[in-house]
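>>> here is my input; please provide its structure:
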Amino acid sequence: MALSYPAYRLYYAGLIGRVFALTLRFSVIGWFAASFLELSPAWVAALPMASSIPTILLSLPSGVIADRYDTQKILLWTAALTAVISWILWIAVTTNQAGVTELLIWAVLAGVFAAIASPAQNAILPRLIDMRAMTSAVALTSMVWNSMRVAGPAIGAAVITVFGFGAGFILMPIGFTISAILLIILKPKPEGERADSRLSASGQMMEGLRFIVRNRLFFNVIGLTFSFSLFGMSYVILLPSFANDILHASTLEFGLLEAAAGAGAVLGTLVIMRLDAQSKGSWLMLITAVIFGISIGLFAFCRLIPLSMLILFVAGFSSSIFLNIGMVTMQLNVPDQMRGRVMGIWSLTWFLPPVGGFLTASIAEFVGLGPALTIAASTVSVFAILIWLTSPELRQQKVKEIS
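Below you'll find the model as predicted:
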C-alpha cells in the first residue's frame with residue numbers, strides 16, 4: 001500500500017541507496033582491514049565501533065532534532081556530507097593511501113551523520129503517506145534495514161571478490177550520492193505536530209526517556225532488541241576475521257557466507273510481510289531470538305563452509321523476523337510528537353553490533369573466537385526468555401498484520 005504513494009516511492013529508493021552504502025562497511029572495510037591490512041580481530045571490530053560510539057552518544061539528541069526541525073533537510077544534509085567523506089575514502093583506497101587512520105576518521109564522521117539522520121528516517125514517514133498505509137510503510141522501511149544489514153555486506157563481498165577493493169569502496173559514495181539527489185527531488189507533506197517548543201533540548205530528551213521508561217511495552221521491546229543487537233549481531237562484525245582466521249576461506253567463500261545470511265534475511269522479511277502475526281507477535285519474537293542464538297552458537301564451532309552457509313541462512317532468516325516485529329510494534333504505538341525521540345533510542349538497534357563485536361573480540365583474546373561467539377549467542381537466547389517471562393505487556397501485545 002505504501003508504494004502507491006509517489007513521495008514514499010522516491011524516499012524508499014533513496015533509503016535503499018543510503019542503507020546499502022552504510023552497511024557495506026561491515027564487509028568491504030572489514031575484509032580490507034582483515035585481509036589487506038592484516039589487522040587483528042580486535043582492530044577489525046574497532047573500526048565499525050568507531051562509528052557506533054558517536055551514534056550511541058547522539059541518539060537521543062538526534063531524536064530531539066528530528067522532533068524540532070525539518071526531517072527532509074536533516075536527511076539531505078547528512079546524506080550529502082557522508083557522500084563527500086566516502087568519495088575521499090575511495091580516492092585514498094585507489095591511491096594506496098588508506099590505512100587505519102583514514103578508516104577510523106571515516107568511521108567516526110559517518111557515525112555522526114548516521115546518528116543525526118536515523119530518527120529523521122522514521123519521523124518523516126507520516127509526511128509521505130496517509131496513516132492507513134503506515135503498517136505497510138513500516139514493513140517496507142524495516143525490510144530495507146533488516147535485509148541490507150546482512151545483504152549489503154554480502155553484495156559488497158561479492159563485488160570485491162570479482163572486481164577488487166576499489167570497486168567495493170566506490171559503492172559507498174555512489175549510494176549516498178543517489179540518496180542525496182532523490183531527497184532534493186522529494187516533496188513531502190508539511191510537518192505534523194512538533195514537540196513542545198517550550199521545553200529545552202535537555203528537557204525534551206528527558207521527556208523522551210521518561211516516556212520509554214514509564215511505557216513498559218516500549219521499555220521491554222527496546223531492551224530485548226538491544227540485547228539482540230549488542231550480543232547476537234556481533235557475528236556480522238567478526239565474520240571477516242572468523243572466515244579468514246578460522247575457516248581459512250577465500251574471498252569468494254567469504255562472499256558466499258555473507259550472501260547466505262543476506263538471503264535468509266531477505267526471505268525472513270518477505271515471510272513476515274505475508275504472515276498473520278496478529279495473535280502471535282510476542283511468541284515469534286521469543287522463538288526467533290532463541291533460534292538465532294542457537295544458530296550462531298552452531299556456526300561458531302562449524303568448520304565446513306557449506307554447512308556454515310546453511311547455518312547463517314537460518315540466522316539471517318530468524319533475525320529478520322525478530323527485528324521486523326519489534327520495529328512494527330514501535331511504529332504503530334508511538335505518538336507523533338514523540339516519534340523522533342523514541343525512534344532515536346530505537347535507532348541504536350542498528351548501531352550496537354559494532355560495540356558487541358568489539359566486546360566479543362576482546363573476550364576472544366582469552367578464550368578464542370569460536371567460544372566468544374558462542375557466549376554472545378547464548379546471551380541472546382537466555383535474555384529473550386527472561387524478558388518474555390517477566391513482561392506481561394510483551395506477552396499480551398498483538399502485532400498488527402503486516403500486509
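>>> tally up the residues packed near Leu312, please.
For Leu312, the number of neighbouring residues by other Cβ atoms under 10 Å comes to 30. Every C-beta, even on glycine, is put in place using the N, C-alpha and C of the backbone.
>>> do the same with Lys189
12.
>>> you'd agree it is up against Leu128?
Yes. Under the contact definition of Cβ atoms under 8 Å, Lys189 touches Leu128, with a separation of 7.4 Å.
>>> touching both of these two, which residues are there?
Common contact partners of Lys189 and Leu128 (Cβ atoms under 8 Å, 6 or more residues apart in numbering): Ala7.
>>> where do the helices of the stretch 151-300 of the chain begin and end?
165-185, 201-214, 216-227, 234-241, 251-274, 281-301 (DSSP state H, counting those that start in this stretch).
>>> quick one: low-confidence ranges for the stretch 1-150 of the chain?
Of all residues in the stretch 1-150 of the chain, those with pLDDT under 70 make up the ranges 26-27, 135, 139, 142, 146-147, 149-150.
>>> what segments of the stretch 51-200 of the chain are strands?
Ranges of strands in the stretch 51-200 of the chain, per DSSP state E, counting those that start in this stretch: none exist.
>>> so Val28 touches Ala167, yeah?
No. Using Cβ under 8 Å, Val28 makes no contact with Ala167, being 9.5 Å away.
>>> which neighbours do those two share?
Counting by Cβ under 8 Å, 6+ apart, the shared contacts of Val28 and Ala167 are Val159, Ile160.
>>> higher neighbour count, those two?
It is Val28, of Val28 and Ala167, that has more neighbours when counted by other Cβ under 10 Å, with 27 against 16.
>>> for the helices of the stretch 151-300 of the chain, which one sits closest to Ile56?
Nearest of these to Ile56, taken as Cβ to Cβ: helix 216-227 at 10.7 Å.
>>> which other helices and strands contact that closest one?
Here helix 216-227 touches helix 201-214, helix 305-333, helix 339-346, helix 348-351, helix 369-390, helix 392-396, going by 3 or more Cβ pairs under 8 Å, 6 or more residues apart in numbering; DSSP states H and E.
>>> kindly recompute the last result at 6 Å.
Here helix 216-227 touches helix 201-214, helix 305-333, helix 369-390, helix 392-396, going by 3 or more Cβ pairs under 6 Å, 6 or more residues apart in numbering; DSSP states H and E.
>>> got a list of contacts for it?
Ile212, Val213, Gly326, Thr329, Thr349, Phe383, Ile387, Ser391, Glu393, Leu394 (Cβ atoms under 6 Å, 6 or more residues apart in numbering).
>>> chain center to it: distance?
A distance of 16 Å separates the centroid of the chain from that of helix 216-227, by Cα atoms, centre = their mean, to the nearest Å.
>>> list the buried ones in it?
For helix 216-227, burial by neighbour count (16 or more other Cβ atoms under 10 Å) applies to Leu217, Phe218, Phe219, Asn220, Val221, Ile222, Leu224, Thr225, Phe226, Ser227.
>>> ditto for stretch 58-76
Of all the residues in stretch 58-76, those buried under the rule 16+ other Cβ under 10 Å are 58-68, 71-72, 74-76.
>>> quick one: which of those residues sit in helices?
Among the buried residues of stretch 58-76, the members found in helices (DSSP state H) are 58-68, 71-72, 74-76.
>>> out of the helices of the stretch 151-300 of the chain, which is closest to Leu22?
Among the helices of the stretch 151-300 of the chain, the nearest to Leu22 by Cβ to Cβ is helix 165-185 (7.8 Å).
>>> may I have the closest one exported as PDB, CA atoms only?
Output of helix 165-185 as PDB, limited to C-alpha atoms (Å, rounded to 0.1, in the frame of the first residue of the first chain):
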ATOM      1  CA  PHE A 165      38.600  -3.300  -3.300                       C
ATOM      2  CA  GLY A 166      38.400  -0.200  -5.500                       C
ATOM      3  CA  ALA A 167      35.000  -1.300  -6.900                       C
ATOM      4  CA  GLY A 168      33.800  -2.200  -3.400                       C
ATOM      5  CA  PHE A 169      34.700   1.100  -1.900                       C
ATOM      6  CA  ILE A 170      33.100   3.200  -4.700                       C
ATOM      7  CA  LEU A 171      29.700   1.700  -4.000                       C
ATOM      8  CA  MET A 172      29.500   3.600  -0.700                       C
ATOM      9  CA  PRO A 173      29.800   7.200  -2.100                       C
ATOM     10  CA  ILE A 174      27.500   6.200  -5.100                       C
ATOM     11  CA  GLY A 175      24.800   5.000  -2.700                       C
ATOM     12  CA  PHE A 176      24.900   8.200  -0.600                       C
ATOM     13  CA  THR A 177      25.100  10.400  -3.600                       C
ATOM     14  CA  ILE A 178      22.000   8.800  -5.100                       C
ATOM     15  CA  SER A 179      20.200   9.200  -1.800                       C
ATOM     16  CA  ALA A 180      21.000  12.900  -1.600                       C
ATOM     17  CA  ILE A 181      19.800  13.600  -5.200                       C
ATOM     18  CA  LEU A 182      16.500  11.800  -4.600                       C
ATOM     19  CA  LEU A 183      16.000  13.800  -1.300                       C
ATOM     20  CA  ILE A 184      16.400  17.000  -3.300                       C
ATOM     21  CA  ILE A 185      13.600  16.000  -5.600                       C
END
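>>> contact partners of that helix?
The contact list for helix 165-185 (Cβ under 6 Å, 6+ apart) reads 10, 13-14, 17-18, 20-21, 24, 28, 32, 75-76, 79-80, 82-83, 86-87, 90, 93-94, 156, 159-160.
>>> mind doing that once more with 7 Å?
Outside of helix 165-185, the residues that reach it under the criterion Cβ atoms under 7 Å, 6 or more residues apart in numbering are 10, 13-14, 17-18, 20-21, 24, 28, 32, 36, 72, 75-76, 79-80, 82-83, 86-87, 89-90, 93-94, 156, 159-160.
>>> quick check: mean pLDDT of that helix?
What helix 165-185 shows for mean pLDDT is 90.
>>> quick one: low-confidence ranges for the stretch 251-400 of the chain?
In the stretch 251-400 of the chain, residues with pLDDT under 70: 273-282, 331-332, 336, 339, 350, 392-400.
>>> run the last query once more with 80
Per-residue confidence of the stretch 251-400 of the chain (counting by pLDDT under 80) places the weak regions at 251-252, 255, 258-259, 262, 266, 269-285, 323-355, 387-400.
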